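Novice: please work out how this folds:
(4 chains, ligands or ions: 4)
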Amino acid sequence: MSIVDRFDPLKKKMFQVLDQEGNIVSKDDVPEIDDKTLLEMYRVMQLARIADIKALQYQRQGRMLTFAPVQGQEAAQIGPMAALKKTDWLSPAFREMAAFLYHGVTLEQTYLYWYGNEFGSRFDDGVHVLPVNVPIGSQISHAAGLAYAAKIQKKDQVALTYIGDGGTSHGEFHEGMNFAAVYNAPMITIVQNNQYAISTPRHKQTKSETIAQKAIAYGIPGVQVDGNDVLAMYAVVKEARERAIKGEGPTLIEAYTYRLGPHTTSDDPTIYRKDEEVEEWKKKDPIIRFRNYLINKKLWTDKKEEKLVQELTDLVGETFKKVEQSQAPTVDEVFDYTYETLPPYLAKQKEAYKAFLKESEEN
Amino acid sequence: MSIVDRFDPLKKKMFQVLDQEGNIVSKDDVPEIDDKTLLEMYRVMQLARIADIKALQYQRQGRMLTFAPVQGQEAAQIGPMAALKKTDWLSPAFREMAAFLYHGVTLEQTYLYWYGNEFGSRFDDGVHVLPVNVPIGSQISHAAGLAYAAKIQKKDQVALTYIGDGGTSHGEFHEGMNFAAVYNAPMITIVQNNQYAISTPRHKQTKSETIAQKAIAYGIPGVQVDGNDVLAMYAVVKEARERAIKGEGPTLIEAYTYRLGPHTTSDDPTIYRKDEEVEEWKKKDPIIRFRNYLINKKLWTDKKEEKLVQELTDLVGETFKKVEQSQAPTVDEVFDYTYETLPPYLAKQKEAYKAFLKESEEN
Amino acid sequence: MAQMTFLQAINQTLDQQMEKDASVVVFGEDAGFEGGVFRVTAGLQKKYGEDRVFDTPIAEAAIIGSAVGMAINGLKPVAEIQFSGFMFPGYNQIAMHLARFRNRSRGKYNLPVVIRMPMGGGVRALEHHSESLETLFAHIPGLKLVVPSTPYDAKGLLTAAIKDPDPVIFFEPKKIYRAGKQEVPEEEYTVEIGKAKIVQKGDDLTIVSWGAVLRDLQKALANYKTDKSIELIDLRTIAPMDSAAVIDSVKKTGRLLVISEQVQSFNVASELMARVNEEAFEYLEAPPQRLNGFDITVPLPKGEHHHAIDEKKMHHAITKILGYKI
Amino acid sequence: MAQMTFLQAINQTLDQQMEKDASVVVFGEDAGFEGGVFRVTAGLQKKYGEDRVFDTPIAEAAIIGSAVGMAINGLKPVAEIQFSGFMFPGYNQIAMHLARFRNRSRGKYNLPVVIRMPMGGGVRALEHHSESLETLFAHIPGLKLVVPSTPYDAKGLLTAAIKDPDPVIFFEPKKIYRAGKQEVPEEEYTVEIGKAKIVQKGDDLTIVSWGAVLRDLQKALANYKTDKSIELIDLRTIAPMDSAAVIDSVKKTGRLLVISEQVQSFNVASELMARVNEEAFEYLEAPPQRLNGFDITVPLPKGEHHHAIDEKKMHHAITKILGYKI
Ligand SMILES: Cc1ncc(C[n+]2csc(CCOP(=O)(O)OP(=O)(O)O)c2C)c(N)n1
Ligand SMILES: Cc1ncc(C[n+]2csc(CCOP(=O)(O)OP(=O)(O)O)c2C)c(N)n1
Ligand SMILES: [Mg+2]
Ligand SMILES: [Mg+2]
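Specialist: Ligands and ions are numbered 1, 2, ... in the order given. Predicted structure coming up:
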């Protein structure tokens, strides 16, 4: 029986493959993933973690701008992305650095974005990731459109989109979900229920007992998954992808997880949540859990760990250096991407500005 | 056991008190309504029906503007309004003429509105009805706000709002529902599922099997009711009102019904639906059903019927005459309601326009 | 060549473009099976199937938002908003995404999306059915906005809009959907977006207008007796606005009058007046003037005539500006 | 009297009005428990309870729409939109309902609603966090829009806004939330909505500005060497705009320069230029000028300086208009 059939969201049963220590709780549910992929998943989880910690440090030093940390949510992002094909689309919210890195965005690009440069959103050709999406909820219908286009063009392709627990209150969430469902568009929606929307706790966001049960409003499957369990997240997305490709429509996946860090670098979470709560969740760290699993599986050792951490730390440091040395946007860049061809009145504004800059320099 | 507990929307069970012939199907569910109220309910259902038919005629003669007929949906409106207190709020969509008339709006006002005059939306003091609301879905959060205000001011008051099956796809529906649910605001939402949104059938609007099950997304009770059964509609709203007043929050009621007429006077329904379908639904006419019930109950006779129809027909004719003789909006009226006090630049526009009119007259 | 109404010209254009380009898809509330409440898309679903021509749920944000996604994934969406007054729930998607994706992605994602919307008054309609919302699109960088006034331009501009790599808002003045026919070529042609049209040459006064009002204005001008010669410009594109054409004209005539159905404050006239001030101030022989609606909500039908621009108002404004002496 | 920042002045005003008037309620995303992401509403929930000060779901349409309902049912809602760039999903409620209920109901329902929104740039923020959206409110009949530039005006205008029977959009230039303190009286007072303030008298040039830019402008003027005397007007209210004050000033100076952070097309400057054309054309000694952002999406922080209005740009524009000779 499929996962969504076994885990009725109204019964508040959460799908899990690994327990908190990384032991298998449900053997039949362990997804088939080759070792190389498992290690790649682990590598990117660690890369995201290290890049995240470093970004926070850089930001505190005033060297980076606002940044939305991903710490604690790596499994909810790496599991799903590993279950996709590279040609599948990702329509993100704004806290998906781990997913970005796994799906082909470079670390330099993600850093450049949070450094305040639009070129950080110009991903390489063939990378099927949309830019960071700030207006809450609006990414869902982008995914619906991507998926609809994939469907009628008969591509073997789905669109996966992320949103937060808070985002589910938004009208844009509702419209996008309903839209995709009506057309059986191959879309997968993952709600990262990290228990808070900035300071607002989950229970003030909605009265529904689970987020997963919101799927019922759209007549589609919904399931609550342990979002700190990378294998469970992988398995459920794998299954959802198959349904989607078969023309059975979208799936709503609630990834039950926790944001270990602040909402963004401008946020002080101690105002609204207790240390004990954070400590409880640290025990459920998705990276530790996955590492234990890999160690049990004899795929990982402390030595390998040490080497990887060092390697990634260096990579992050070097990448940030590059980003710091990147050029600030030029006048042309600031104007020229508004339209394919610069309209006359805008060209005039640009020329006047250039003349002004020249004049100022000369004085 | 409460109605909402007995009629789980996921089981597709529809709540009914009277069958198609007006016989009682479920004795225990017959609501206690005194005879006077029953007769008043019937009178207003007939008034709405006659006013509706006449409005269509006037419109065809070019004497009235666009108009959204209510035919077929009278029970879904009169049952609920009869279950409310006069101090409860009604936040309507645009097809609620019957509800308007029952809750204190005069026929002259409703006609004046569809005649194209804003004064048709200025209801008498003490009438707790908001004006016709055209932008789909936006009335829900008005109701949420009315209800929230009632709650924190500890009034014995609820806000009831209407929306169509099509309207449930809108983001505004979702936001308003979720908002009210979170605060346990005393709100009642009735979805008049009349099977179409203009030409778009219900199944193209959403993939959910019932509209009622959308309640699950908000963690509130939802129930599907035979919307052509005025007693069922009364009973379910009565119960929802009690829950609301007790602080238990909103209820979502799907009134399963049918629009017998066109979407509006500019619509040609023969393009998108079959005559047979309409004929099937005519057999379920809510007025006939209720009349049979009243006749069975010895509250009504053919003679009374004849008299009432004549009386109401006259009333409608006279009212329309008055409306036709009403004054067109003056210049002052067109300007002066924009703000409490006319700002200088707007006063200037008004004066200039008056001067222009005077000059034109003189020439 | 065939005689066509404005509405037929649009329908024929959609048909032609769908035929030529399999990536064009058409959708909106009731736009599929019944062909839209005005029947602009009539017959298309039958011809091109439900995948390419379809009804949507009532969800303007999703209509625009999904168009964004479709465009990124290889389609050319031509979406319909049932009335421009109902674009507001989709305005977030229009202003924050549709207009910005190209800039946000530094040119990676162009969005060749067309959003069609019936606009304007004069049809004795309910609230929210008579608005003229040009400003709300023209103020947003990254959008284009066109308003044809003839069947010929409707076809040419819509063809250009569908081929345009940037998002285009396509306003259809509903009052003239069926008002009169014009010869429209069967074959494909484009009218350049961003180019105003000089409808009538003149030396003493420049009048700028567009859409349904322009049609009324032409009648009003025919009935206006004067020995002065008036240059009439159909702006056609509101964004990017061909202010150069207007400025050139004003340099010649010295007088500018802008006529529209918009409310007054922050309308197209204000922006044109500002640009004329900036670039042709020395040529002005009279203060630029505007004739438009008032800063009020468009009244319901019984009061709409107050807000509407009729011939009397036009004559009055023309007489006033022609009579101005410094 | 106490020394207060702009932010403190707003917080104190909300506190004072909630204390005096039990019908005032304050809400928004994170506005309750933590007192908002900027802490503008800090302390209020503790003092007035969760019924009157509360967090909302992330749902801008419902925030505005419920405010409409609350106002009709006896409350005075002061709602917060977290950043003005996130008002778009609520724009339907603002433009189609909040602005119109009074007119729609022919005066039965006044909506004494205040919508507070941090606005403007200069804080090195993410996309959608730096917009200046004055036009989108001032173009809509029925709304009022104020933008204070000092702690004193912030308190006076917010007090007036809460007491106003009409809906008021209250812009808070986030760049100056904590920039400098000013003496602000403890007791209640109002600053009239719809009245501009002459900050500095002068005879040769009228400069109009508002909000954070006005503050920078004052510094720039202090550093500007000229023998000409400049009149500086803080517009304060954008709608209903005190164009009379500007026109009076221009009649005296003959020159107008409007400076803002907005994009250029269809901005407050265009409307002011249009009104000055209409009413003070003969007094103009130079074409009215505007200095503002470009018609582009506000760049991310590394490019924001291009769009921002700095002292150099200000000096340049002033020199240009002062030097103009017909
Ligand atoms: C439409 C809109 N409103 C408000 C915001 C401001 N905002 C940014 S993040 C956030 C909270 C999001 O919470 P959630 O959806 O749970 O995602 P999380 O931050 O927890 O990942 C808010 C309100 C926004 N970005 N967009
Ligand atoms: C936001 C918005 N979009 C579109 C419309 C145009 N419109 C008017 S009625 C209608 C269909 C409504 O269908 P439904 O909600 O089922 O109500 P019914 O007409 O069946 O009573 C539409 C799309 C509108 N009024 N508002
Ligand atoms: Mg969250
Ligand atoms: Mg319907």
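
Novice: what are the ranges of the helices in the stretch 1-150 of chain C?
Specialist: Using DSSP state H, counting those that start in this stretch, the helices of the stretch 1-150 of chain C run over residues C:6-20, C:44-52, C:60-72, C:91-93, C:101-104, C:134-138.

Novice: ligand 4 is nearest to which of the ones you listed?
Specialist: Ligand 4 lies closest to helix C:60-72 among these, at 17.1 Å (Cβ to the ion). For the C-beta atoms, the positions are set from N, CA and C on the backbone; glycine is no exception.

Novice: by contact count, what packs against the closest one?
Specialist: helix A:139-152, helix A:171-182, strand C:24-28, strand C:76-80, helix C:91-93 (3 or more Cβ pairs under 8 Å, 6 or more residues apart in numbering or on different chains; DSSP states H and E).

Novice: which bits of chain A sit near ligand 4?
Specialist: Within chain A, no position is adjacent to ligand 4 by Cβ under 5 Å from the ion.

Novice: what about the closest residue to A:R60 other than its chain neighbours, distance to C:P77?
Specialist: Excluding the flanking residues, the one nearest A:R60 by Cβ to Cβ, 6 or more residues apart in numbering or on different chains is A:T265, at 7.6 Å. Computed as Cβ to Cβ, to the nearest Å, the A:T265 to C:P77 distance reads 37 Å.

Novice: which of the helices and strands packed on helix C:60-72 sits closest to ligand 3?
Specialist: Once these are compared by Cβ to the ion, helix A:171-182 is nearest, at 12.7 Å.

Novice: sheet partners, orientation included, of whichever helix or strand comes after that closest one?
Specialist: Under the assignment DSSP states H and E, the closest C-terminal helix or strand after helix A:171-182 is strand A:187-193. Strand A:187-193 pairs in its sheet with strand A:159-164 (parallel), strand A:251-256 (parallel), by DSSP bridges.

Novice: which is the next helix or strand following the last one?
Specialist: If I follow you right, that is strand A:251-256. Next element after strand A:251-256 (DSSP H and E): helix A:275-282.

Novice: my read: C:R100 touches C:G142, true?
Specialist: Yes: judged on Cβ atoms under 8 Å, C:R100 makes contact with C:G142 at a distance of 5.7 Å.

Novice: give me the common contacts of the two.
Specialist: D:T297 (Cβ atoms under 8 Å, 6 or more residues apart in numbering or on different chains).

Novice: and the closest residue to chain B within chain A, how many neighbours does it have?
Specialist: Among all residues of chain A, A:G171 sits closest to chain B, at 2.2 Å; criterion: Cβ to the nearest Cβ. Counted with other Cβ atoms under 10 Å in any protein chain shown, the neighbours of A:G171 add up to 32.

Novice: look up how far ligand 4 lies from the residue lying closest to it once chain neighbours are set aside.
Specialist: In space, and not counting its chain neighbours, A:G171 is closest to B:G171: 2.2 Å by Cβ to Cβ, 6+ apart. Going from B:G171 to ligand 4 by Cβ to the ion, to the nearest Å gives 17 Å.

Novice: what segments of chain A are strands?
Specialist: A:14-15, A:89-91, A:159-164, A:187-193, A:196-197, A:200-201, A:222-226, A:251-256 (DSSP state E).

Novice: residue of the stretch 151-300 of chain C closest to ligand 4, please.
Specialist: C:K174 (23.2 Å).

Novice: next one: the stretch 101-250 of chain C
Specialist: For the stretch 101-250 of chain C, Cβ to the ion, closest residue to ligand 4: C:L126, 16.9 Å.

Novice: these two touch, right, that residue and C:E304?
Specialist: No: contact criterion Cβ under 8 Å: C:L126 and C:E304 do not qualify, at 11.2 Å.

Novice: burial count for the residue of the stretch 1-150 of chain C found nearest chain B?
Specialist: Ranked by Cβ to the nearest Cβ, the top residue of the stretch 1-150 of chain C for proximity to chain B is C:P57, at 3.4 Å. As a burial measure, C:P57 scores 24 neighbours (other Cβ under 10 Å).

Novice: tell me the pLDDT of it.
Specialist: Predicted confidence (pLDDT) for C:P57: 98.

Novice: if you skip the residues just before and after it, what's nearest to it?
Specialist: Going by Cβ to Cβ, 6+ apart, C:P57 has B:S169 as its nearest residue, at 3.4 Å.

Novice: measure that neighbour to ligand 2 for me?
Specialist: Between B:S169 and ligand 2 the computed distance is 8 Å (Cβ to the nearest ligand atom, to the nearest Å).

Novice: strands of chain C, residue ranges please.
Specialist: So, for chain C - with DSSP E - the strands run C:2-4, C:24-28, C:53-55, C:76-80, C:114-119, C:144-146, C:168-173, C:182-184, C:197-200, C:205-209, C:230-234, C:237-239, C:256-259, C:289-291.

Novice: the fourth one - contacts with which helices or strands?
Specialist: It stands for strand C:76-80. strand C:24-28, helix C:60-72, strand C:114-119.

Novice: which parts of the stretch 51-200 of chain C sit against ligand 2?
Specialist: C:58, C:60, C:82, C:86, C:89 (Cβ under 6 Å from any ligand atom).
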